[in-house]
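S.K.: What follows is a predicted structure for the sequence shown.
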Amino acid sequence: AAGDQGGGAGFAQAVAPKAGLMPPPQTVDKRVGYVAMFPDALDGKIRAVRYTMTDLQLAGQAPRPGEVPYEALSARAIADLGHPERVPRDLQYHLIRFTDPKAYPPLPLWQIFDRKFWRQNFGEGAFLKDKVVLIGSSAQIRHDAFPTPMGPETPGPLLHFHAMAAALDGEF
């Protein structure tokens with residue numbers, strides 16, 4: 001999805017998981033969160049996140065009272081971590097404080113499925129205990145890299161980690 005932090009460009013669209021994966025309405029299921037982040041209209045960089053957003057906001061309009069908002073992937077993850085009270089639910093953009101770009105190092109997915117790496121580098125999974133793992137594409141061919149204050153090609157999954165950290169630490 002694309003738009004701007006001034007309200008959206010009117011062409012973002014909610015796409016729910018297929019009905020066969022979970023019962024409708026899928027968008028209210030706690031396992032579903034939107035991943036769209038919108039660039040600033042002034043310079044095209046992503047520096048803020050909406051943790052909740054409505055259909056009308058996706059269309060670039062003001063929300064209506066009583067409209068049920070969608071929740072961002074980061075909001076759902078924070079709730080799963082046991083801290084739903086730290087998620088701003090005001091339908092507004094929140095400038096986030098980015099941490100060190102190397103704070104969340106990516107790992108190639110194949111390493112998890114390679115038995116030797118799984119055993120030697122991840123201790124049969126012990127390395128991942130009590131860690132948040134986000135599986136997502138960061139390949140340029142997938143167009144999941146975005147300009148942020150950290151650099152011109154910040155991987156999408158990394159943006160979600162920064163959004164989670166900002167909310168958990170109250171760093172807006």
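M.R.: Cool, the structure landed. Residues are numbered from 1 along each chain as shown.
S.K.: mind listing the strands for this structure?
M.R.: 48-50, 52-53, 70-71, 93-95, 145-148, 151-155 (DSSP state E).
S.K.: so how far is the longest one off the chain centroid?
M.R.: So the one you mean is strand 151-155. Using C-alpha atoms, centre = their mean, to the nearest Å, the mean C-alpha position of strand 151-155 is found 15 Å from that of the whole chain.
S.K.: now do stretch 80-97
M.R.: Between the mean C-alpha location of stretch 80-97 and the chain-wide mean there is a distance of 12 Å, by C-alpha atoms, centre = their mean.
S.K.: burial of residue 146, as a residue count?
M.R.: Using other C-beta atoms under 10 Å, the number of residues around residue 146 comes to 19. Using the backbone N, CA and C atoms, a C-beta is placed for each residue, glycine as well.
S.K.: which residues of the chain score low on pLDDT?
M.R.: The model of the chain has pLDDT under 70 over residues 1-12, 139-140.
S.K.: roughly how far is stretch 128-148 from the heart of the chain?
M.R.: For stretch 128-148, the separation from the chain centroid amounts to 9 Å (computed by C-alpha atoms, centre = their mean).
S.K.: repeat for stretch 156-172
M.R.: Per C-alpha atoms, centre = their mean, the displacement of stretch 156-172 from the mean C-alpha position of its chain is 8 Å.
S.K.: ok, back up a step: got the strands of the chain as a markdown table, with distance to residue 124 columns?
M.R.: As requested, those are arranged in a markdown table below (distance: least, C-beta to C-beta, whole Å):
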| stretch | distance to residue 124 |
| --- | --- |
| strand 48-50 | 35 |
| strand 52-53 | 38 |
| strand 70-71 | 33 |
| strand 93-95 | 39 |
| strand 145-148 | 32 |
| strand 151-155 | 27 |
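S.K.: To residue 33, which of these lies closest?
M.R.: Ranking these by proximity to residue 33 (C-beta to C-beta) places strand 70-71 first, at 5.3 Å.
S.K.: how about the CA coordinates for the longest helix anywhere in the chain, as CSV?
M.R.: For the chain, the helix reaching the highest residue count under DSSP state H is reported as helix 156-169. Once side chains and other backbone atoms are set aside, the C-alpha atoms of helix 156-169 remain, and they are given as CSV (Å, rounded to 0.1, in the frame of the first residue of the first chain):
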residue,chain,number,x,y,z
GLY,A,156,10.3,-3.8,5.7
PRO,A,157,10.6,-6.3,8.5
LEU,A,158,13.1,-4.0,10.2
LEU,A,159,10.5,-1.2,10.2
HIS,A,160,8.1,-3.4,12.2
PHE,A,161,10.8,-4.1,14.8
HIS,A,162,11.5,-0.4,15.2
ALA,A,163,7.7,0.3,15.5
MET,A,164,7.4,-2.4,18.2
ALA,A,165,10.4,-1.1,20.1
ALA,A,166,9.1,2.5,19.9
ALA,A,167,5.8,1.6,21.4
LEU,A,168,7.2,-0.8,24.0
ASP,A,169,9.7,1.9,25.2
